[in-house]
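Engineer: build me a model from this:
(2 chains)
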2 protein chains.
Amino acid sequence: MNGAESLVASLTSAGVDMCFANPGTSEMHFLAALENPKMRSVLCLFEGVATGAADGWYRMKDAPACTLLHLGPGLANGLANIHNARRASSGIVNVVGDHASRHLTYDAPLTSDIEGLARPLSHWVRRVDSAKSVARDALAAVAQARRRPGRIATLILPGETSWGEANDPPSRFEAPAEPKAPAADLVEHIARILLSGEQSMIVLAGRSLRAEALELAGKLAAKTGCRLASQFFSSRTERGAGRVSIERIPYSVSPALQFLQGVKHIVTIETGEPIAFFAYPDQPSQLKPADCAIHSFVLPGEDSFRGLEMLVEAVGAGAARPNLQAASNRETPSGRLDPTSIAQAIAATLPEHAVLVDESLTTGRESFALTAGARPHDQLQNMGGSIGFSTPVAVGAALACPDRRIFCMVGDGSAMYTIQSLWTQAREGLNITTIVFANNSYKILKAEYANMGAGVIGPRSLSMIDIDRPRIDWVAMGKSMGCAAVRVEDASSLANALSNSVREPGPTLIEVAL
Amino acid sequence: MNGAESLVASLTSAGVDMCFANPGTSEMHFLAALENPKMRSVLCLFEGVATGAADGWYRMKDAPACTLLHLGPGLANGLANIHNARRASSGIVNVVGDHASRHLTYDAPLTSDIEGLARPLSHWVRRVDSAKSVARDALAAVAQARRRPGRIATLILPGETSWGEANDPPSRFEAPAEPKAPAADLVEHIARILLSGEQSMIVLAGRSLRAEALELAGKLAAKTGCRLASQFFSSRTERGAGRVSIERIPYSVSPALQFLQGVKHIVTIETGEPIAFFAYPDQPSQLKPADCAIHSFVLPGEDSFRGLEMLVEAVGAGAARPNLQAASNRETPSGRLDPTSIAQAIAATLPEHAVLVDESLTTGRESFALTAGARPHDQLQNMGGSIGFSTPVAVGAALACPDRRIFCMVGDGSAMYTIQSLWTQAREGLNITTIVFANNSYKILKAEYANMGAGVIGPRSLSMIDIDRPRIDWVAMGKSMGCAAVRVEDASSLANALSNSVREPGPTLIEVAL
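Structural biologist: Coordinates of the predicted model:
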């Protein structure tokens, strides 16, 4: 067994059995080792697709995949979606090949400081010393990625560690410790706050946005009158009709300040206090009122379900009946395409247990509330703010959940970043409906230009925000990579196209002409 | 004048008047400042296009452009082509926005360690302290980028430095010192080697591959019998009929060893000794024979033209007549498309003073020699080995040289990496002919698999190298982004398509079906 074979055997023995790959010459032995039938490998034509897919996989599996990347530049191409995954607490094991150690001294063209590139966005980086330590190092990487919150573990393997003779992999992977529950006295403290009669808000994130945890949060709200909210972006929310629906802290600073007005206590679960996404010249960074106290109840990676159970017990809410989301009107909309009719079309057609990957930016912002009463589904959002997030995440989610349809809502500007995802979607026959909001501009930036107080927008600035010359033909784009594709110009056509996409296996792209 | 305006005024005063941009919220004041008519800004839909375009610009202008990138992830997306530019000694000024300093403490979603991401591939990184120091810091960045060899200078501007009140820009940019010539005694030493009668080879790189320098090298060869060669990849070579043609050290290790057999002295100009591109288990890293001495004559960034002049004088080659490349047969080929007929079609149609951007990998490797006798042109190659190089570099070269046609030869696997380039090509009406070699595989990796001794290739490995399911429809891809596009299946159609592309202004994509 060589080092590369040892790596794959070790990863699969520790439960990592999906590899999103874009290999190069320095990874040829890993490629050979991928013949191991326990590991599934999926080819991506750009590394940002591979790392984003690993993020989507983790969110739906609660377990890491690995990526296979070609030296420093291959890792660099994957970094933006590693940033997004890190912010979502998604664990990933990145396997990065390097030149054989003896070759590094000659500074060949592809030589770079891989550790230096990996460190800013990895929680853990290790360069493997020899083929014999590959197994141990691979398990250490998996242990990192499987911690809660999930971590980014990057393993750098010089050539000789892949082709050299290795030991057999260690036979047993020791899973990381179970997450901690909050301390009893903290539970008592939070219970007193919720029962104080002062206006309180629980801000939920991470695993506390799963249906069963939300059910508990709903009991707390029913019993104590506290508000329930999420940050504007959440890694995975189980929502829809029959589930406990929560408020969403607005994206823009002024509405967010208003939203939080009067709140005296914010109790955080797997997140921190509400913060503005960007800094603006005349706006605060902190969104909470000046006299509002922040109470950190469950830290990221701790057991929020258990914490909520304890809190329900402490406030005596066990018998309380949470307010459940009613089913929305699911009539097919007609007429003009606008954020409202688009949201109605999605709410009408989203299949039960679908996964809604949301990188809709301006078009989708207003639609969030309108889809709350759709059939039960999971919503995945971008936690890191780097665009080009959704189409790769849809790939990973579809592979993790082959029986569920993925609706991927994406702005045209964002879609262009990692458009190579469509090819992998077609290749693997993934059940993804990509909904491109083609407003032919970085529309979000038009608002941000004003928010920033950058003055009246001039023609040159505007030309850096509009992407309408030339207009991208999304149907041609989809078809070029083997995706079925259709363009819609009104709301009922959109609803039809969405329904049709659900009936056919495999990917479809829908260009929503705005 | 605010900091952003000060930045643009400072850059343009120092001769940096082209900005390849993909801005975000944190760069809105820079966007506003780009109304300054002295700065031209070109929108790219992915940062790897912006950084690659800056590389192409530098190669044709011998002067840096700037990029405008959105925080850490935006920089990360541009790193692979920054790596390639760095390896080509192309100077670039990267302008990276960051959150306002007061916002960093709250760890907002887009916060990352920008310095950490910038450092591994930048020669110089500076975070601007205040709006008042923007002008000074911008000039310092330009001074770095304009040094020889060109350097990667990355300037990080927190929000308050862009919107705060600045000083007027300093009135005068002090250009870096002129490059040094080699010392007289080193010239004498090299002259003695060339005249020794032992087999010598001059390996040329950097500015020594410009026509006038090659003319001098040709005199040396004519007088002393030394061989002239380049590395396998060179940043910019002025070649074609009537110019001094040189040999090329082969890519693969065995042919390279054979090529260098018997050479007793290698004299390097703006480069180092020949090294294998990758490390292979049973092959050496160094390509030179064991008894061959390496003589470093001109270091990167020194004045190789002056060095060659001194050497010509020292060996008494002033009157020698260099061996000039004859014009090749320019008959239009017909029949099957293969590396030979493709090279013939390119040699037949390449217009005078064209720029040939070469990321042809397997298809183009054999064609290099066949295009040596084409009309005089510049050839730009990938010095860093990170694919996705050529289509962005073509953008930069076309903007730098609006009167010259760009032929961009690119493998399909490479083209997918930064395919967003086509949109900028269409938007700016650039005279670029993109020639996609559609062999539907990472064909280079099939050879590398064998070279690596990874054994007989299995079906799973093969499926990670073949990109034929689905086949990419390059005509649809080109048209989706506003590029004229055509598919050719035989050599005479290719020649026709190339000729047609030259007659029409603006970009064309030609899918070469292999």
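
Engineer: may I ask which helix or strand of chain A has the lowest mean pLDDT?
Structural biologist: In chain A, the helix or strand scored least confidently by mean pLDDT, DSSP states H and E is helix A:361-365, which has a mean of 74.

Engineer: and it, what does it pack onto?
Structural biologist: helix A:339-349, strand A:406-411, strand A:432-438, helix A:443-451 (3 or more Cβ pairs under 8 Å, 6 or more residues apart in numbering or on different chains; DSSP states H and E). Any C-beta I mention is one placed from the backbone N, CA and C, and that applies to glycine too.

Engineer: got the buried residues for stretch A:165-174?
Structural biologist: Across stretch A:165-174, burial judged by 16 or more other Cβ atoms under 10 Å in any protein chain shown covers A:166, A:169-170, A:173.

Engineer: distance to B:F277 added to these, as TSV?
Structural biologist: Putting the buried residues of stretch A:165-174 into TSV (distance: Cβ to Cβ, whole Å) gives the following:
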residue	distance to B:F277
A:A166	26
A:P169	32
A:P170	35
A:F173	37
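
Engineer: nearest to B:A293, of the residues you listed?
Structural biologist: A:A166 (39.7 Å; Cβ to Cβ).

Engineer: return the backbone torsion pair for that closest one.
Structural biologist: When quoted as degrees, to the nearest 10, the phi and psi of A:A166 stand at phi -110, psi 170.

Engineer: how about the residues of the stretch 101-250 of chain A by chain B?
Structural biologist: A:102-103, A:105-110, A:112-113, A:116-117, A:119-121, A:159-160, A:163, A:233 (Cβ under 8 Å from any Cβ of the partner chain).

Engineer: please redo it, this time with the cut-off set to 6 Å
Structural biologist: Applying Cβ under 6 Å from any Cβ of the partner chain, we find that the stretch 101-250 of chain A lies next to chain B at A:103, A:106, A:108-110, A:112-113, A:116-117, A:120, A:159, A:163.

Engineer: what of the stretch 401-514 of chain A?
Structural biologist: Residues of the stretch 401-514 of chain A found near chain B (Cβ under 6 Å from any Cβ) are A:416-417, A:420, A:426-427, A:448-449, A:452, A:454-455, A:458, A:460-461, A:464, A:469-470, A:473, A:476-477, A:479-480, A:482.

Engineer: now those residues: which count as buried?
Structural biologist: Buried among those by 16+ other Cβ under 10 Å: A:416-417, A:420, A:426-427, A:448-449, A:452, A:454, A:460-461, A:464, A:470, A:473, A:476-477, A:479-480, A:482.

Engineer: in the stretch 401-514 of chain A, which spans are strands?
Structural biologist: Assigned by DSSP state E, counting those that start in this stretch, the stretch 401-514 of chain A shows strands spanning A:406-411, A:432-438, A:484-488, A:508-513.

Engineer: just send those back as JSON lines, with mean pLDDT, mean neighbour count and distance to A:R86 too.
Structural biologist: What follows is these, written out as JSON lines (pLDDT from 0 to 100; neighbours: other Cβ atoms under 10 Å in any protein chain shown; distance: least, Cβ to Cβ, whole Å):
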{"stretch": "strand A:406-411", "mean pLDDT": "97", "mean neighbour count": "28", "distance to A:R86": "21"}
{"stretch": "strand A:432-438", "mean pLDDT": "97", "mean neighbour count": "27", "distance to A:R86": "24"}
{"stretch": "strand A:484-488", "mean pLDDT": "98", "mean neighbour count": "20", "distance to A:R86": "32"}
{"stretch": "strand A:508-513", "mean pLDDT": "97", "mean neighbour count": "24", "distance to A:R86": "28"}
